[in-house]
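Q: Sequence first, predicted coordinates after that:
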Amino acid sequence: MPDSLISIIVPVYNSEQTLHRCIDSILGQTYRNFELLLINDGSKDRSGEICDEYARKDSRVKVFHKENGGVSSARNVGLDNARGEWVSFVDSDDYLQQGFLESMNLYESSDLVIGNSIWLNDKDEKLFECDIPKGVFLKNEILPQYLYSAAFNVPWGKLFKSDVIATHNIRFNSNMRVAEDLLFVYQYLLHINRIHAVNGLLHNSNLVHHVPGNFVEKYSMTTAEAAQHYSFVWMTYKQLNIRCEVFEEKFLMDIFELCKRDAYKNPSPWYENVSVKEAYRLRTNAKGGLKRIKAFGILNMKLYKFRFLWRKA
């Protein structure tokens with residue numbers, strides 16, 4: 001059995017409530033040949049101290065303290081210091097089943113190994129399960145159907161080859177506030193061909209947000225910013241040279257939802273002096289007739305404008 005070194009990167013920000021569970025689940029893996037890189041992203045609680053305590057007890061644990069810069073910058077610090085032949089990402093509020101690395105280890109003929117993931121709520125109740133067919137697939141065999149599934153939307157629950165990341169200088173875009181996970185995975189997919197899906201299981205709790213502020217503040221963006229950030233993903237998607245209709249449909253709706261969220265915070269109009277907020281209200285409240293038709297027309301034109309922006313990129 002291969003015995004390659006795996007670099008496990010965990011970005012940490014104000015995670016003292018879940019950090020012990022996360023780290024213990026990694027150190028308790030049946031597969032032992034790994035290094036654990038804990039990136040303390042300017043935590044204001046005891047997270048940094050907890051990381052240092054583990055480093056003193058286990059030589060496989062390496063801690064890096066940095067000023068808060070967001071989850072992408074933290075993961076990049078991990079990539080810059082990883083020594084393993086494979087790289088895996090775990091969030092600080094997630095945890096691994098004991099045999100996760102053992103079941104993922106190691107498919108030398110594959111370029112990407114994907115394990116199953118379960119999404120949990122605050123009470124550790126299963127919300128849904130990310131499960132793609134088990135087996136070895138060529139990229140063009142599986143992506144047309146599963147590209148927009150959670151399996152390919154996030155970096156955790158996977159093993160990436162370090163030489164692919166290094167050769168093509170793949171990094172997380174620390175200037176993006178949305179879709180940076182998508183972009184990293186899609187950029188990696190550009191340069192590989194064989195994907196192996198296995199039974200390794202990662203439990204994913206509510207995502208930790210490493211930018212100070214609440215969820216809305218993190219994702220509040222102007223329409224121009226939204227179009228620019230999502231266009232990066234769209235350009236990479238086009239380079240994959242596949243057609244995933246689910247991706248195209250849902251990705252466009254993601255952009256619209258972002259636009260709608262922006263309108264609630266900054267309701268100034270950007271098409272025909274009618275804000276998205278107003279158009280959405282008209283569509284929801286109108287009982288029919290000209291007002292409802294007008295509302296649908298406005299919304300469709302806004303979607304068209306976004307479609308033009310990100311297809312033009």
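A: Perfect, I can see it now. This one's a predicted model, so the numbers in the text were calculated from it and none came from an experiment.

Q: what about stretch 197-211, average pLDDT?
A: Stretch 197-211 carries an average pLDDT of 64.

Q: Kindly report the same for stretch 35-51.
A: The average of the pLDDT scores along stretch 35-51 is 97.

Q: How about stretch 143-158?
A: In this model, stretch 143-158 has a mean pLDDT of 88.

Q: for that stretch, which positions count as buried?
A: Residues 143, 146-152, 154-158 are the ones in stretch 143-158 that count as buried (16 or more other CB atoms under 10 Å). Just so you know, the C-beta spots here come from the backbone N, C-alpha and C atoms, and that holds for glycine as well.

Q: Narrow these to those in helices?
A: Those of the buried residues of stretch 143-158 mapping onto helices are 143, 146, per DSSP state H.

Q: Need the buried residues of stretch 143-158 in a markdown table (columns: distance to residue 187).
A: Shown next, in a markdown table, are these (distance: CB to CB, whole Å):
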| residue | distance to residue 187 |
| --- | --- |
| 143 | 14 |
| 146 | 18 |
| 147 | 13 |
| 148 | 16 |
| 149 | 18 |
| 150 | 18 |
| 151 | 16 |
| 152 | 12 |
| 154 | 14 |
| 155 | 11 |
| 156 | 16 |
| 157 | 18 |
| 158 | 14 |
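
Q: quick check, nearest of the buried residues of stretch 143-158 to residue 164?
A: Checking those against residue 164 by CB to CB gives residue 158 as the nearest, at 12.2 Å.

Q: so who does that closest one touch?
A: Going by CB atoms under 8 Å, 6 or more residues apart in numbering, residue 158 touches 88, 89, 112, 113, 114, 115.

Q: cool, residue 101 as well?
A: By CB under 8 Å, 6+ apart, the contact list for residue 101 reads 6, 29, 30, 31, 34, 88, 200.

Q: Can you spell out which residues form a bridge with the first one?
A: Pointing back at residue 6 there. Beta-bridge pairing for residue 6 (DSSP bridges): residue 34, residue 86.

Q: Can you redo the contacts of residue 158 as TSV, where the extra columns are distance to residue 56 and pLDDT?
A: Formatted as TSV, the contacts of residue 158 follow (distance: CB to CB, whole Å; pLDDT from 0 to 100):
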residue	distance to residue 56	pLDDT
88	23	96
89	24	96
112	34	94
113	31	92
114	34	90
115	30	85
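
Q: and the longest strand for this protein?
A: strand 194-204 (DSSP state E).

Q: For the helix or strand hosting residue 80, buried residues please.
A: For residue 80, the element it lies in under DSSP states H and E is helix 71-81. Neighbour-count burial for helix 71-81 flags 71, 72, 73, 74, 75, 76, 77, 78, 79 (criterion: 16+ other CB under 10 Å).

Q: do stretch 35-51 as well
A: By neighbour count with 16+ other CB under 10 Å, stretch 35-51 contains the buried residues 35-43, 47-48, 50-51.

Q: Okay, now the unreliable bits of this protein?
A: 1-2, 105-108, 121-123, 125-128, 130-131, 205-227, 252-313 (pLDDT under 70).

Q: Out of the contacts of residue 158, grab the one that's most surrounded.
A: residue 88 (27 neighbours; other CB atoms under 10 Å).

Q: So that residue versus residue 200, what's the distance?
A: In this view, residue 88 and residue 200 are 10 Å apart by CB to CB, to the nearest Å.

Q: Which neighbours do these two have in common?
A: Counting by CB under 8 Å, 6+ apart, the residues touching both residue 88 and residue 200 are 101, 104.

Q: Now do the contacts for residue 109.
A: Counting by CB under 8 Å, 6+ apart, residue 109 makes contact with 136, 194.

Q: Could you count how many residues lie near residue 69?
A: Applying other CB under 10 Å, we find 16 residues neighbouring residue 69.

Q: got a list of what it touches?
A: Taking CB under 8 Å, 6+ apart as the criterion, residue 69 is in contact with 41, 42, 174.

Q: Mind putting those into TSV with distance to residue 239 and secondary structure?
A: Listed next are these as TSV, based on distance: CB to CB, whole Å; DSSP: H, G, I helix; E, B strand; the rest coil:
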residue	distance to residue 239	secondary structure
41	30	strand
42	34	coil
174	21	coil
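
Q: Output those in JSON lines, with distance to residue 246 appended to each entry.
A: Compiled in JSON lines, these are given as follows (distance: CB to CB, whole Å):
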{"residue": "41", "distance to residue 246": "33"}
{"residue": "42", "distance to residue 246": "37"}
{"residue": "174", "distance to residue 246": "29"}
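
Q: From the residues you listed, pick the one nearest residue 163.
A: Using CB to CB, residue 174 is the member of those that sits closest to residue 163, with 22.9 Å.

Q: I figured the closest one was touching residue 72, is that so?
A: Yes - counting by CB atoms under 8 Å, residue 72 is a contact partner of residue 174 at 4.2 Å.
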